[in-house]
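Colleague: I need the structure of the sequence given here:
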Amino acid sequence: MLKAVDPNTVPAGPPSDWQVTRSFARLTGGFWRGGTAGRAWLWSLTLASAIILSVFANVTVNRWNGWFFDALEKKDGESALIAMAVFPVLVLIAAGLGVIILISRETFQVHWRAYVTAKLADGWIGERRFYRLGLSGYEPANPEYRIADDVRWATEPVVDFAIGLLSAVITAITFIGILWSIGGSLSVEAHGVPFEIPAYMVLAAIIYAVLVSGLITWVGRPLPRLIAARNEGEARLRFSLMRIRDHGETIALSRAETGERRAVAATYDTLVTRWLAMIRQRGRLTWITNGSGALVPVVPLLLAAPKYLSGEMSLGDVVQVAAAFVAVQNAFNWVLDNFMRIAEWLASARRVNELAVALHAIEAGAAESDIAVLASEDG
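Modeller: Residues are numbered from 1 along each chain as shown. This is a model prediction of the structure:
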């Protein structure tokens, strides 16, 4: 039986992003229960373990940097040669973990998509619901595309998000520890009064991340709305072209090609306008992201320079701190780096939920009376 959002509890307006997420989780969470549970947990745990080991492999490479550059600074040829001999082993381990993550991720995505696709396809085809839903007048647009395409776009990114979020959390915790232990405190003097800034590299990393994140959030705030408008325009264009195919005989006999051509051109012009609006907004975001990308590797070097010049840090320490600072920034900015993908995922998850709600209502016998279909911003 297809389980989805209770149509009697659906709000009158479009659901919030949180409601979309919860509804999608209820619809697809059965993958971890029942007959598919063994396969789901096997690949989930394999993937999580490989990610954790991958983060610690990165930490080991960070420590190798300190070892190697300290050997160079001291002109210690023996230590440098040993470090060079160890490095290929680290590369092999990191590459192997990357292969495990790739295979686990894509296998998991295929199996999860198969589960959700089968669930929706069975619900749509079973008991002639595809026919009854069309007669009800409440059928969501293009149910076949929702099952074939939106399910993929709604399941595959979730796996990528989970991988990225887990990696970001572990990376942030681990590399903040490196910044704290190696960076230490910074002694400064203001108006003749000396004082210390404890864990100054950690504070600098947090402040930098907050500033960049706040700026990206402010500039990118209109992006989800623009993506939804673009998706709606794509759906309208697809519908216009399908309508010509479905009514080809009528259009040909009535010689209405000119009017149909104008209608398609107008629809596409609207789509182009929406695409350009989204491109302009992404361009504004790119100013910030690319600028920050160029600045991030330099900031920790500038912050570490006083302690290096005073002899409190070795060259290896500086290299370790710089790499740890970049790793922490990448971890803190995970949500912002995936800002557009999350917005696109919400649009697809919303469309999958709409079909599930309509099928659930048909099954409950509510189609003839009052089917509540979630309003969509993207067709």
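Colleague: Phi, psi for residue 189 please.
Modeller: Listed backbone geometry of residue 189 is phi -130, psi 130, with angles given as degrees, to the nearest 10.
Colleague: low-scoring stretches of the stretch 1-150 of the chain, by residue?
Modeller: For the stretch 1-150 of the chain, residues meeting the criterion pLDDT under 70 lie at 1-14, 137-138.
Colleague: OK, contacts around residue 182?
Modeller: 66, 201, 313, 317, 320, 321, 324 (CB atoms under 8 Å, 6 or more residues apart in numbering). Yep, even glycine has a C-beta here, placed from its N, CA and C like the rest.
Colleague: if you set the cut-off to 10 Å instead, what comes out?
Modeller: For residue 182, the contacting residues are 62, 66, 201, 304, 307, 313-314, 316-318, 320-321, 324, by CB atoms under 10 Å, 6 or more residues apart in numbering.
Colleague: Residue 188 falls within a strand, correct?
Modeller: Yes: with DSSP: H, G, I helix; E, B strand; the rest coil as the criterion, residue 188 is part of a strand.
Colleague: Quick one: residues in contact with stretch 167-174.
Modeller: Residues outside stretch 167-174 that contact it (CB under 10 Å, 6+ apart): 51-52, 54-56, 58-59, 62, 101, 205-206, 209, 324, 327-335, 337-338.
Colleague: of these, buried ones?
Modeller: Restricting these to buried positions leaves 51, 54-55, 58-59, 62, 101, 205-206, 209, 324, 327-334, 338, with burial counted as 16 or more other CB atoms under 10 Å.
Colleague: Among the residues you listed, which ones are in helices?
Modeller: When DSSP state H is applied, those are split such that 51, 54-55, 58-59, 62, 101, 205-206, 209, 324, 327-332, 334 fall in helices.
Colleague: hang on, the earlier thing: ok, which pair from the contacts of residue 182 is furthest apart?
Modeller: Of all pairs drawn from those, the one with the longest distance (CB to CB) is 62 and 307, at 17.9 Å.
Colleague: ranges for the helices of the stretch 101-250 of the chain?
Modeller: When secondary structure is read from DSSP state H, counting those that start in this stretch, the stretch 101-250 of the chain shows helices at 129-136, 143-145, 151-178, 200-220, 223-246, 248-253.
Colleague: Which among those is found nearest to residue 16?
Modeller: Set against residue 16 and scored by CB to CB, the helices of the stretch 101-250 of the chain come closest in helix 223-246, at 11.9 Å.
Colleague: could you dump the closest one to PDB, C-alpha only?
Modeller: What follows is helix 223-246, C-alpha atoms only, in PDB (Å, rounded to 0.1, in the frame of the first residue of the first chain):
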ATOM      1  CA  LEU A 223      18.200  31.800  -5.900                       C
ATOM      2  CA  PRO A 224      15.700  29.100  -4.800                       C
ATOM      3  CA  ARG A 225      12.800  31.200  -6.100                       C
ATOM      4  CA  LEU A 226      14.500  31.800  -9.400                       C
ATOM      5  CA  ILE A 227      15.300  28.000  -9.800                       C
ATOM      6  CA  ALA A 228      11.600  27.200  -9.100                       C
ATOM      7  CA  ALA A 229      10.500  29.700 -11.700                       C
ATOM      8  CA  ARG A 230      12.900  28.200 -14.200                       C
ATOM      9  CA  ASN A 231      11.700  24.700 -13.500                       C
ATOM     10  CA  GLU A 232       8.100  25.900 -14.000                       C
ATOM     11  CA  GLY A 233       9.100  27.400 -17.300                       C
ATOM     12  CA  GLU A 234      10.700  24.100 -18.400                       C
ATOM     13  CA  ALA A 235       7.600  22.200 -17.500                       C
ATOM     14  CA  ARG A 236       5.400  24.700 -19.400                       C
ATOM     15  CA  LEU A 237       7.500  24.400 -22.500                       C
ATOM     16  CA  ARG A 238       7.400  20.600 -22.300                       C
ATOM     17  CA  PHE A 239       3.600  20.700 -21.900                       C
ATOM     18  CA  SER A 240       3.200  23.000 -24.900                       C
ATOM     19  CA  LEU A 241       5.200  20.600 -27.100                       C
ATOM     20  CA  MET A 242       3.400  17.500 -25.800                       C
ATOM     21  CA  ARG A 243       0.100  19.200 -26.500                       C
ATOM     22  CA  ILE A 244       1.000  19.700 -30.100                       C
ATOM     23  CA  ARG A 245       1.900  16.000 -30.400                       C
ATOM     24  CA  ASP A 246      -1.300  14.900 -28.700                       C
END
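Colleague: Just want the angle from it to helix 200-220.
Modeller: 40 degrees (axes from the mean of the first three to the mean of the last three CA atoms, to 10 degrees).
Colleague: for helix 223-246, packing partners?
Modeller: Helix 223-246 sits against helix 248-253, helix 257-295, helix 339-363, with contacts defined as 3 or more CB pairs under 10 Å, 6 or more residues apart in numbering; DSSP states H and E.
Colleague: out of those helices, nearest to residue 132?
Modeller: In this view, these are compared for proximity to residue 132 by CB to CB, and helix 339-363 is the closest at 5.6 Å.
Colleague: from the chain's centre, how far out does that closest one sit?
Modeller: 17 Å (CA atoms, centre = their mean, to the nearest Å).
Colleague: Now that helix: buried residues?
Modeller: Buried residues in helix 339-363, defined by neighbour count with 16+ other CB under 10 Å: 339-340, 342-363.
Colleague: Ok, stretch 239-254 next?
Modeller: When burial is assessed from 16+ other CB under 10 Å, stretch 239-254 yields the following buried residues: 240, 244, 251.
Colleague: Straight-line length of that stretch, end to end?
Modeller: Here the two ends of stretch 239-254 are set 20 Å apart, with distance taken as CA to CA, to the nearest Å.
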